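> Could you look at this predicted model? Sequence included:
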Amino acid sequence: MNYFIDLFSPETASAFSKSEQKVSGFRISRRTYIDNKKIGPSDKFICYLIKLQRFVGILEVKSTCFIDDSPIFYKKRDPFVLRFKVKPLVWLPIEKAVPIHEDFIWKTLSFTKNLNKNSTEWTHMVFSSPKLWPVEDCIYLEKILFRQAKELRNFPLSELDKRKLRTIGTRKRKKIKNKSSRTDDGISVSLSNDLVRILQKPAEIYEWPIYNKNINLSHAFQDNRNPYPYNNKLNPAPGSIILLRSIEDKAFVAIGFVLSSNHSSKQEQQKLKNIFKYNWTKSFYLHPFVFKGFRVRLKNVGMKPHRVPARISKENFLRVFQRVMLQIKEISNK
C-alpha cells in the first residue's frame, strides 16, 4: 500500500462533498505517472486543500484508473477525467480541515519540520497530484485526520482565507488576445491561446543541453555547434515544454514550447507561422519564452544535469519555472 497526495481546490472539494463521494479524478496528463506508480486498490489518497493549505480527508482507492468525462467536479468541461473509484475514510468540512501550519503538523512532517513557517521550500510537495508521499508522514496524518473526524475541532478561517473563498465563482476569465498581456505578478508576457493551451497541457517536458554562446535559441536544435542537435530519434510532440540548459555553466537559459514537429501537417505549420510571424526552419519549431535575461542555476532548483536531452518530471519543471518567475520579478523591479 502506498499513500499519494490528492489536491482539491475549494471548488472541487465542494463539488466532491455534494457528489456521492465515490469517485476522485485527475487530469489526463497524469496518466503516465499513475501507470508508472501502479496506483490501484488498497492505496490511499491524502486529500489536501490548495489555497487554504489544509488536509481535508482520506480516500481509499477501490479500482484502477479509468476514463470518464461525466461532470462531477465542474458542470461543464470537467478536466478531471482520469478517475478512480474511492471510499471516503475521512472527509471534513472546510472549517474542520486541519491546516498544515498547525504546530503538531508542521513540526512533524519530514519536509516542513526544519523550515520556518514563512518558507515556501516545501510547496513542491503539493504542485501536482497524484504524487507519492513519504509513508511515515502519511501514517501520522492518517492518525490526525481520524482523530479530527471524531473530535471535529474547529480551525477558524483567517480573513485571507475568507477573501479567497468569497472570490470563488465571482471571477470571470478574460479572453486572451494574441498580444501582450500581464501576469499576476505584473510581468509583461506575450500570450496567445495556443501558448496558454501548451502551458496548461504539456505533452512532455525535456531538459535539453546546448552551448549558450552565439547560438540562436529559436533554432538551437538545428545548429551544428549544438552537441545534441534535433534528430528523428528524439522527436518531442507538439505541446511539449523544453528547458534549454547551458553546458558551459550548467544554468537554464531559456524555456520554450514545441509548437510543431516534422510530423505536423503543412496547414498546421502555416498556421503557426501566421500566429508568431517567424520564418521557421522546415523540421522543428521552438517558440522561445518571451522572458529575457534570466539564468537559473541547477543547484538552486535541486536538479542534476543530464548529458543528453532527457525527459524530466513536471515537479522539476515547476521548480525551475518558479525560480524564473522570481528572478524576472526582481529584474522588473530594478
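Structure received.

> pretty sure Tyr206 contacts Val308?
No: the criterion here is CB atoms under 8 Å, and Tyr206 misses it with Val308 at 10.2 Å. C-beta here means a position set from N, CA and C on the backbone, and glycine is covered the same way.

> how about the helices of the stretch 51-200 of the chain, start to end?
For the stretch 51-200 of the chain, the helices defined by DSSP state H, counting those that start in this stretch cover 103-106, 135-151, 159-167, 193-200.

> Ok, which of the ones you listed comes nearest Val324?
Among the helices of the stretch 51-200 of the chain, helix 193-200 comes nearest to Val324, with 13.0 Å by CB to CB.

> I'd like the next helix or strand past the closest one.
The C-terminal neighbour of helix 193-200 among helices and strands, as given by DSSP states H and E, is strand 205-210.

> tell me what that next one is packed against?
For strand 205-210, the elements it packs on are strand 241-246, strand 310-311, helix 314-333, judged by 3 or more CB pairs under 8 Å, 6 or more residues apart in numbering; DSSP states H and E.

> go with 10 Å
strand 241-246, strand 251-260, strand 310-311, helix 314-333 (3 or more CB pairs under 10 Å, 6 or more residues apart in numbering; DSSP states H and E).

> what's the last one packed up against?
Packing contacts for helix 314-333, counted by 3+ CB pairs under 10 Å, 6+ apart, involve strand 188-190, strand 205-210, strand 241-246, strand 251-260, strand 296-297, helix 298-301.

> possible to save the helices and strands packed on strand 205-210 as TSV with distance to Ile46?
TSV is the format used below for these (distance: least, CB to CB, whole Å):
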stretch	distance to Ile46
strand 241-246	28
strand 251-260	31
strand 310-311	27
helix 314-333	17
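
> Let's have the ones you listed in JSON lines, adding mean neighbour count, mean pLDDT and distance to Asp103.
Output for the helices and strands packed on strand 205-210, formatted as JSON lines (neighbours: other CB atoms under 10 Å; pLDDT from 0 to 100; distance: least, CB to CB, whole Å):
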{"stretch": "strand 241-246", "mean neighbour count": "23", "mean pLDDT": "82", "distance to Asp103": "38"}
{"stretch": "strand 251-260", "mean neighbour count": "22", "mean pLDDT": "75", "distance to Asp103": "37"}
{"stretch": "strand 310-311", "mean neighbour count": "14", "mean pLDDT": "85", "distance to Asp103": "40"}
{"stretch": "helix 314-333", "mean neighbour count": "16", "mean pLDDT": "73", "distance to Asp103": "26"}
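
> re earlier: the more surrounded of Tyr206 and Val308?
The neighbour comparison of Tyr206 against Val308 (other CB atoms under 10 Å) goes to Tyr206, with 20 against 10.

> Quick one: residues contacting that one.
Contact analysis of Tyr206 by CB atoms under 10 Å, 6 or more residues apart in numbering lists 234, 236, 240-244, 256, 258, 306, 309-312, 317.

> if I look at it, how far off is Phe257?
Between Tyr206 and Phe257 the computed distance is 11 Å (CB to CB, to the nearest Å).

> Identify the contacts common to the two.
In contact with both Tyr206 and Phe257: 236, 240-242, using CB under 10 Å, 6+ apart.

> Quick one: low-confidence residue ranges for this structure.
Residue ranges of the chain with pLDDT under 70: 167-202, 212-225, 230-235, 238-239, 259-266, 268-294, 328-334.

> Residue ranges of each domain in it, please.
The record's domain parsing of the chain by automatic domain parsing lists 3-167, 180-333.

> Ramachandran coordinates for Thr64?
Main-chain torsions, Thr64, degrees, to the nearest 10: phi -80, psi 170.

> isn't it right next to Lys85, touching?
Yes: between Thr64 and Lys85 there is a contact at 9.0 Å, judged by CB atoms under 10 Å.

> quick one: common contacting residues for those two?
When contacts are counted by CB under 10 Å, 6+ apart, Thr64 and Lys85 are jointly contacted by Pro41.

> more crowded one of those two?
Taking neighbours as other CB under 10 Å, Thr64 and Lys85 compare with Lys85 leading, 16 against 13.

> Nearest spatial neighbour of that one, chain-adjacent residues omitted?
Distance criterion CB to CB, 6 or more residues apart in numbering; nearest residue to Lys85, sequence neighbours excluded, is Ser63 at 3.9 Å.

> With Ser19 instead?
Spatial nearest neighbour of Ser19, chain neighbours left out: Ile72 (5.6 Å); criterion: CB to CB, 6+ apart.

> quick one: that neighbour and Gly302, what's the gap?
Using CB to CB, Ile72 is found at 35 Å from Gly302.

> Check the contact between Pro236 and Ala310; I expect there is one.
No: contact criterion CB under 10 Å: Pro236 and Ala310 do not qualify, at 11.5 Å.

> which residues are common contacts for those two?
Common neighbours of Pro236 and Ala310 are listed as 205-206, 208 (criterion: CB under 10 Å, 6+ apart).

> How many neighbouring residues does Asp69 have?
If you count neighbours by other CB under 10 Å, Asp69 ends up with 14.

> ok, it - contacts?
By CB under 10 Å, 6+ apart, the contact set of Asp69 is 25, 28, 77-83.

> I'd like these as a markdown table, with distance to Val98 and neighbour count appended.
Below are these laid out as a markdown table (distance: CB to CB, whole Å; neighbours: other CB atoms under 10 Å):
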| residue | distance to Val98 | neighbour count |
| --- | --- | --- |
| Gly25 | 23 | 23 |
| Ile28 | 30 | 13 |
| Arg77 | 32 | 8 |
| Asp78 | 27 | 17 |
| Pro79 | 27 | 16 |
| Phe80 | 23 | 20 |
| Val81 | 29 | 17 |
| Leu82 | 27 | 20 |
| Arg83 | 26 | 21 |
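
> All set, thanks.
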